[in-house]
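J.: fold the following and give me the result.
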Amino acid sequence: MEFFWLFLAIASGVLAGYLIYTEGWDQGKIYLVFPAISGFAFGIRRAMRLRFQKTQEEKSK
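T.: Numbering: from 1, shown residues only. Have a look, this model is predicted:
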């Protein structure tokens, strides 16, 4: 799921950049919300996975 959010953030960022380029900043800036949310979800998911791995490593010792 982590890589899904990363892919979605990159894809929506590229699309947002294209829309800003074609439509202008005033109409295209709203599309930056999608990569921001996806990037945030990726960051949260990654942090949770790393915390879980650390906990599992500590339990196995």
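J.: which helices and strands sit right next to the longest helix along the chain?
T.: As assigned by DSSP state H, the longest helix anywhere in the chain is helix 33-60. Packing partners of helix 33-60 (3 or more Cβ pairs under 8 Å, 6 or more residues apart in numbering; DSSP states H and E): helix 2-23. For the C-beta atoms, the positions are set from N, CA and C on the backbone; glycine is no exception.
J.: what residues sit buried inside the helix it packs on?
T.: Of the residues in helix 2-23, W5, L6, L8, A9, S12, G13, A16, L19, I20 count as buried by neighbour count, 16 or more other Cβ atoms under 10 Å.
J.: now do the last one, the pLDDT please.
T.: Per-residue confidence for I20 comes out at a pLDDT of 96.
J.: where's the nearest residue in space to it that is not next to it in sequence relative to R49, distance?
T.: Leaving aside its chain neighbours, I20 sits nearest to G28 (3.5 Å; criterion: Cβ to Cβ, 6 or more residues apart in numbering). Taking Cβ to Cβ, to the nearest Å as the measure, G28 falls 33 Å from R49.
J.: buried residues in the helix or strand containing G28?
T.: Applying DSSP states H and E as the criterion places G28 in helix 25-28. Of all the residues in helix 25-28, those buried under the rule 16+ other Cβ under 10 Å are G28.
J.: for it, packing partners?
T.: helix 2-23.
J.: could I get the helix it packs on in PDB with only the CA atoms?
T.: Provided in PDB are the C-alpha atoms of helix 2-23 (Å, rounded to 0.1, in the frame of the first residue of the first chain):
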ATOM      1  CA  GLU A   2       2.900   2.300   0.700                       C
ATOM      2  CA  PHE A   3       4.100   2.200  -3.000                       C
ATOM      3  CA  PHE A   4       0.500   2.800  -4.100                       C
ATOM      4  CA  TRP A   5       0.500   6.200  -2.300                       C
ATOM      5  CA  LEU A   6       3.900   7.000  -3.600                       C
ATOM      6  CA  PHE A   7       2.800   6.300  -7.200                       C
ATOM      7  CA  LEU A   8      -0.400   8.200  -6.700                       C
ATOM      8  CA  ALA A   9       1.500  11.200  -5.400                       C
ATOM      9  CA  ILE A  10       4.000  11.200  -8.300                       C
ATOM     10  CA  ALA A  11       1.300  10.700 -10.900                       C
ATOM     11  CA  SER A  12      -1.000  13.300  -9.500                       C
ATOM     12  CA  GLY A  13       1.900  15.700  -9.200                       C
ATOM     13  CA  VAL A  14       2.800  15.300 -12.800                       C
ATOM     14  CA  LEU A  15      -0.900  15.800 -13.800                       C
ATOM     15  CA  ALA A  16      -1.200  18.800 -11.500                       C
ATOM     16  CA  GLY A  17       2.000  20.300 -13.100                       C
ATOM     17  CA  TYR A  18       0.600  19.800 -16.600                       C
ATOM     18  CA  LEU A  19      -2.800  21.300 -15.700                       C
ATOM     19  CA  ILE A  20      -1.100  24.300 -14.100                       C
ATOM     20  CA  TYR A  21       1.000  24.700 -17.200                       C
ATOM     21  CA  THR A  22      -2.000  24.500 -19.600                       C
ATOM     22  CA  GLU A  23      -4.700  26.200 -17.500                       C
END
